[in-house]
Each structure stands twice: as structure tokens, then as C-alpha cells.
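Trainee: okay, here's the prediction I keep looking at, along with the sequence it came from:
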Amino acid sequence: MSTEQESARLVVDGTEVARYVVDPAVDARHGPRPYLHPVRTLGGTVVTDALPADHVWHLGASLAVQDVNGSNLWGGRTYVRDVGYTWRDDHGRIAHTGWVERSADRLAHRLEWRDPHGSVLLTEHRQLTAAPLTGDVPVWRLEIDYTLSAPAGQDVRLGSPTTNGRPDRAGYGGFFWRAVSAEPASAFTASATEEEAVNGSAEPWVALAGTGPDGRAYTLVFSGLGDGDRWFVRAGMYPGVGVAFAFERPVTIAAGTTRRGRHTVVVADGVLDRAAAAALAASAYARRPDGATAS
């Protein structure tokens, strides 16, 4: 059986909260990769977008980098120093290679990050976990836990448009959530408000408040930056939040070593204030999938 367009579900307390598209049938120029869409609040509001007209290669919530040893695994045009965005034949793909676990609240699998010729740049183990959170409003938590492994004989350099010469703090690439909002979205942290102040920061958490296609408000609260990571945030041109690996400078995964990431996203109905967002971020990130406290 072909896995083309194969999808898996994540369920919280009997409610489907996300579909995970494992092997999407999208144009190679859109950076084929597994992605979550639609993701919903417990109340049913959709909070992700995929294949939007403004950036067709934005695929819900996914993991992707625009420059992996010169291969574009993000999709779209590649930023070239002193030239700008250019269509190039440099698009690779992130391919599912096998399930490790597949249950209602946890999905774990193996992947390969491949260059345009099919050669393996990185191997990955990824786990997605969904769980309810206790609070005053209906809330659930998504955890994304992954390990990227470089081959024994080659360093792997991760870059971004900024590291390749783009001047305006567009260092995207890593875990990215393309949101959807019928009204202009707003972004905030514990100490900053709106896109300009939040983008590029290293705050412990960042929240994005928007309005779903059904007209109902929602709030997403992201946490879990790694060492050297920065938040990539958009609220004006489009709504989205990402954990950027190479926001200001390239990052190298040395030959034979690994890079670990663990991020959480609180998905809530309604509009959360700063105090509620901070409390949920702290609670969500402190809880391991097995219930243990993070070290």
C-alpha cells in the first residue's frame, strides 16, 4: 500500500485535534515533508493553514530548513547572497521511512532529510504527543520531540535567508507553525508585544492570538527554544511562529553527532492574557509525555 497522502490522527479525550500528513503529494518545489494539518482546538476551531496562496510551501506545522548543506528543504525560492530570492533546482525532501509508535495520543517515526538527488543529509527520529491540560479554558498540549543525526563522515550546516545575506531579520527555518486567522493576529511574550519586538527574541515563551475560519478566537502558546534558537514570528503579513535554528548565524551539526529539539504548543480556545499564557507555558513544558518533570 502506498503511503502517498497517508495521514495519522492525534486524539485528546476522544476528540481528534490534529491530522498528521506523513507523505504529502505536493510539488517538489514546495518542500515535501510530513506536516500537521488541520490542527484544532478542543472546541473545534482550526488553527493551522496549509498551501496558502501567499506562501504555498507553508505546510501547517512542520519541521524544515531552507539551507541544509545547500539544499532547500523549506520550499519556495532560495535566498542567494547579493541576488535575492531565486528559483533554483535545489529542493530536497524530508521523507518518512518507518513508524516506531502509532497510537491515539503519540506518533513516533523515522525520517530522512534528502538532497535533490536523494542522498541522505540527516536522519531523524521524531515524536509527537498530544495531551490535555487542566485549566479554566479547554486546552491541550502538543509536544514535538526530535533528534537530528549527521552522518559519520560529514558535517551538516544549517542556514537561513539571514545567514545567506537577507538583511531584515528573516532567519526562519526549524520548527514552524503556519497559523490561520480571519482577523489580524497578535503576538506577545511576557515582556513584549507585537511582531517587531517578538521576532528574533529568546523569550521563554511566545503567544499568538487569532481568529479561526469559524470566527472563534484561539490562542497558541509556544515554548522550548534550544540553545542559540530564536523565535521567528509573523503577525502582519501572515500569522506564524517558528523556532529558528539559524536566525543570525549558521549552525553546524558535526559529523557523527546529533541535535535534539523539544518544543511544546498549548492550543487554547479563546483569548489568553499574559498571566494565563505564562502559566500554561510553564505547565506544558514542565511535563514530559510520560508525566515526569523535565530536568
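Mentor: Alright, I've got the coordinates.
Trainee: switch to C-alpha atoms for all contacts and neighbour counts from now on
Mentor: Will do.
Trainee: tell me if I'm right that Ser29 and Thr86 touch.
Mentor: No, residue 29 isn't Ser; it's Arg. No. Between Arg29 and Thr86 there is no contact under Cα atoms under 8 Å: 11.9 Å.
Trainee: could you say what helices and strands the helix or strand Val11 falls within packs with?
Mentor: Per DSSP states H and E, Val11 falls inside strand 7-12. Packing partners of strand 7-12 (3 or more Cα pairs under 8 Å, 6 or more residues apart in numbering; DSSP states H and E): strand 15-21, strand 120-133.
Trainee: could you dump the ones you listed into TSV and include mean pLDDT and distance to Val139?
Mentor: Output for those, formatted as TSV (pLDDT from 0 to 100; distance: least, Cα to Cα, whole Å):
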stretch	mean pLDDT	distance to Val139
strand 15-21	98	11
strand 120-133	97	6
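Trainee: so which of those gets nearest Tyr285?
Mentor: For Tyr285, the closest of those is strand 120-133, at 11.1 Å, according to Cα to Cα.
Trainee: run through who's touching whatever helix or strand comes next after that closest one.
Mentor: Remark: after strand 120-133, the chain's next helix or strand is strand 139-149, criterion DSSP H and E. By Cα atoms under 8 Å, 6 or more residues apart in numbering, the surrounding residues in contact with strand 139-149 are 12, 41-42, 122-133, 253, 256-269, 284, 289.
Trainee: now, of those residues, which are buried?
Mentor: Buried members of these, counted by 16 or more other Cα atoms under 10 Å: 12, 41-42, 122-133, 253, 261-269, 284, 289.
Trainee: for Thr252, see how far away Ala50 is.
Mentor: Per Cα to Cα, to the nearest Å, Ala50 is found 29 Å from Thr252.
Trainee: the two: who's more crowded?
Mentor: A count of neighbours by other Cα atoms under 10 Å puts Ala50 above the other of Ala50 and Thr252, at 20 against 17.
Trainee: what separates the residue lying closest to that one once chain neighbours are set aside from Gly153, distance-wise?
Mentor: Nearest in space to Ala50, with sequence neighbours left out and distances taken as Cα to Cα, 6 or more residues apart in numbering, is Leu59 at 4.3 Å. To Gly153, Leu59 is 32 Å away according to Cα to Cα.
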